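J.: Quick one: sequence and predicted model below, then my questions.
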Amino acid sequence: MTEETMPPADDRQPPAVRSAGEDVPWAPAGGPDAPGVSQTQATFQVLTEAMPQMVWSTRPDGFHDYYNARWYEFTGAPPGSTDGEGWSGMFHPDDQEKAWARWRHSLETGEPYEVEYRLRHHSGEYRWTLGRALPVRDDVGRITRWIGTCTDIDQAKRAAEQNELLSRELSHRIKNIFAVISGLIGLTSRHEPTLKPWARDLQHRIAALGRAHEFARPHSEMSRPELGTSTLRGLLTEIFRPYPAFDEGRIVVAGDDVFVDDRGATPVALAFHELATNAAKYGALSTPDGRVEVGIEARGPTMRIGWVEQGGPPVAGPPAREGFGSRLAELSVVQQLGGTMRRDWRPEGLAVEMDLPAAHLSREWGG
C-alpha cells in the first residue's frame, strides 16, 4: 500500500490522504510485528501509539474500529467498548448533539471534521477536548477511511475563561468609575447653576469615553460588543467623540468607508484610541491649534488609513522608548487584523499609515 497527498476538492479544504491498494484495517490486532502486517500499517500504528494525542480511525460510514492507547488511558474505557457509536456516550450530554451533527455533516460531505466538546476523563470529570478528522481517499476520490485525533485543551480553555472573567470584572469596575465621576459632576452642578451647561457637556464626554473603552478593551467571542450595522468612519467617530478637539473640528475623518462588525471593531478601536490619547498628551491635540486628519482610501481588498498630526509641539524624532500602549496598538493591527502599520516622526507631527485587509474588518467582506 502506498500513500501520497491528493489535492483538495476545492481551495477551502486542506488535502486529504490518498491511499492505493486493498482496503484493510490500518491498525490490526497484534501490533506492528503481527504476521501479514504491511509496512504502511506498521508505520501507522507505531506513529499513532507514539503521539501524545488520542488517535482514532473509522470506516467510510463512520463506524469507529480503532483507538490508540492514549484514548483508553484518558477515558479509562475497556478496550473495544467505544467501537461503533459507543464513543458518543463518552461526551458530556450537553455536547453530544453538536458533536453528532458535525460528524454527520462530515460523513455526508467529506469535509474535515472539527469540534470542541467535553470528554469524560477516567477520573470521572469532563475535560474540554478538540476533535479533528480528515478523510482517506482512494485513487478515484472515494473515502475509504477517516483518521482523527482528540487533543486535551482543558487547561487552555479554563485559562481563557478565567481571563475573560477578569476582563469583564475590570471593565465593570471602570464603568462604575465613569458613573461615579459623572454623578459627582451632576451633584456639583446642582449647587452651581452656572456650571450646568458645562457639566452636561462633560457628562456626555465621560459617557462617550465609556463607550470608546468598551470597543477598545480586549474581547472574547462572547463579550464583543454588538455593533449591528456600522462603518469604519462611524466607529472612528465614536472613538474620537470624547475629545473636545473633535467637536471643535480639529479631528477630521474623511474618505471612503467600509462596513465593520465585531471582528474588526476592537483592534481598530484600540489602535486609534491609543493614537488619540498620545496626541492629546504629547502631540497635536495637546495645543489649542493642533489638528489631526484621518483619511481612508479603498484600494481593492485593502483599506489604507492615514493619520496626520499638524500644529502640535515640534517632533525631534521617535521616542527613546516605545510605550506599552503603542506596542499593543501595533500588535492589534498586525496580528489581529493581518495589516501593516508605519510611523513617520515628521518635525511638524506624527504621521501613521495603516493598510488593513477589508476581509478582516467585517464578515460581509471575509465571509
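T.: All right, it came through fine. Numbers count the residues shown, from 1 in each chain.
J.: tell me which residues of the helix or strand containing Gln162 are tucked away?
T.: Here Gln162 sits within helix 154-191, counting by DSSP states H and E. Across helix 154-191, burial judged by 16 or more other C-beta atoms under 10 Å covers Asp154, Lys157, Glu164, Ser171, Phe178, Ser182, Ile185, Ser189. Bear in mind the C-beta positions are built from the backbone N, C-alpha and C, glycine included.
J.: now Ile251: how far from Glu330?
T.: In this view, Ile251 and Glu330 are 21 Å apart by C-beta to C-beta, to the nearest Å.
J.: which of these two has more neighbours?
T.: Set Ile251 next to Glu330 and count neighbours by other C-beta atoms under 10 Å: Ile251 wins out with 24 against 20.
J.: wait, the more buried one sits on Pro242?
T.: No: between Ile251 and Pro242 there is no contact under C-beta atoms under 8 Å: 10.8 Å.
J.: Format the buried residues of helix 154-191 as CSV; extra columns: distance to Gly141.
T.: As requested, the buried residues of helix 154-191 are exported to CSV (distance: C-beta to C-beta, whole Å):
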residue, distance to Gly141
Asp154, 37
Lys157, 36
Glu164, 43
Ser171, 51
Phe178, 60
Ser182, 65
Ile185, 70
Ser189, 75
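J.: Could you measure from Asp261 over to Ser88?
T.: 35 Å.
J.: same question, His121
T.: 16 Å.
J.: nearest to Ala298, of the buried residues of helix 154-191?
T.: If you rank the buried residues of helix 154-191 by distance to Ala298 using C-beta to C-beta, Ser171 comes first, at 32.9 Å.
J.: Look up how far Leu350 lies from the closest one.
T.: Distance from Ser171 to Leu350, by C-beta to C-beta: 29 Å.
J.: Please apply the same query to Pro267.
T.: 20 Å.
J.: same deal with Ala284?
T.: Counting by C-beta to C-beta - Ala284 and Leu350 are separated by 8 Å.
J.: again, but for Gly210
T.: 27 Å.
J.: Which one of the two is surrounded by more residues?
T.: Leu350 (22 against 18).
J.: Now do the helices in this structure.
T.: Using DSSP state H, the helices found in the chain span residues 39-50, 69-75, 93-109, 154-191, 196-216, 232-240, 244-247, 262-281, 324-331, 363-366.
J.: Of the ones you listed, which stretch is the most buried?
T.: helix 262-281 (a mean of 22; mean count of other C-beta atoms under 10 Å).
J.: For it, C-alpha coordinates in CSV please.
T.: Extracted C-alpha coordinates of helix 262-281, given in CSV (Å, rounded to 0.1, in the frame of the first residue of the first chain):
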residue,chain,number,x,y,z
ASP,A,262,-17.2,42.8,15.9
ARG,A,263,-14.5,41.1,14.0
GLY,A,264,-12.6,44.3,13.4
ALA,A,265,-14.0,46.8,15.8
THR,A,266,-11.9,46.1,18.9
PRO,A,267,-8.4,46.1,17.2
VAL,A,268,-9.3,49.2,15.2
ALA,A,269,-10.7,51.0,18.2
LEU,A,270,-7.7,50.1,20.3
ALA,A,271,-5.2,51.4,17.7
PHE,A,272,-6.9,54.7,17.2
HIS,A,273,-7.8,55.2,20.9
GLU,A,274,-4.1,54.9,21.6
LEU,A,275,-3.2,57.4,18.8
ALA,A,276,-5.7,59.9,20.0
THR,A,277,-4.7,59.6,23.7
ASN,A,278,-1.0,60.1,22.8
ALA,A,279,-1.9,63.1,20.6
ALA,A,280,-3.8,64.6,23.5
LYS,A,281,-0.9,64.2,25.9
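J.: Identify the residues contacting Val292.
T.: For Val292, the contact set (C-beta atoms under 8 Å, 6 or more residues apart in numbering) comprises Ala245, Arg250, Ile251, Val252, Ala276, Ala279, Ala284, Leu285, Trp307, Val308, Glu309, Gln310.
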